[in-house]
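sharing a model that was predicted from the sequence below.
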Amino acid sequence: MMRWPHSVLLALAVACYPVQRREDIKPKELRRSQQVDVWSGDTASRWHAVVIRGDSITGVPYKMSSKCDSCRLGLPLYAIDSIHIRFSGSPREERLIIALMLVYMLSGGDRCGVNVHCE
């Protein structure tokens, strides 16, 4: 029996992070720092300061200041294919996660790879 390296399982878990289809989108107002990927037709956008209403979604393009209300874009919900609410950790939390993953990999935490037999 082949054993999967832990890093492969971790990558698969991250790749399968849930995406909300149009019928799953519920009205809510997200934190200004929360990033959301929005798919509409053949266009993908990343917004923050997102507000979802019963019939529309609005947000500020990610590269703009989240406080720029005049930069706010909006789409009717019927034009949205899906959204993905991204991990909302602070930059400090993201650095900590990356550091822990590096320590794990450098410490040999993934010793049961494809070419190594572990029991």
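Cool, got the structure.

same for the lengthiest strand in the chain, what does it pack against?
Counting residues, the longest strand in the chain under DSSP state E turns out to be strand 43-52. Under the contact criterion of 3 or more C-beta pairs under 8 Å, 6 or more residues apart in numbering; DSSP states H and E, strand 43-52 touches strand 28-29, strand 36-40, strand 56-61. Backbone N, C-alpha and C define where each C-beta goes, glycine included.

highest average neighbour count across those?
Mean neighbour count (mean count of other C-beta atoms under 10 Å) peaks for strand 56-61 among the helices and strands packed on strand 43-52, with a mean of 20.

who's in contact with the next helix or strand after it?
On the C-terminal side of strand 56-61, the nearest following helix or strand under DSSP states H and E is strand 73-76. Residues from elsewhere that reach strand 73-76 (C-beta atoms under 8 Å, 6 or more residues apart in numbering): V38, S40, S45, W47, D55, S56, I57, T58, G59, V60, P61.
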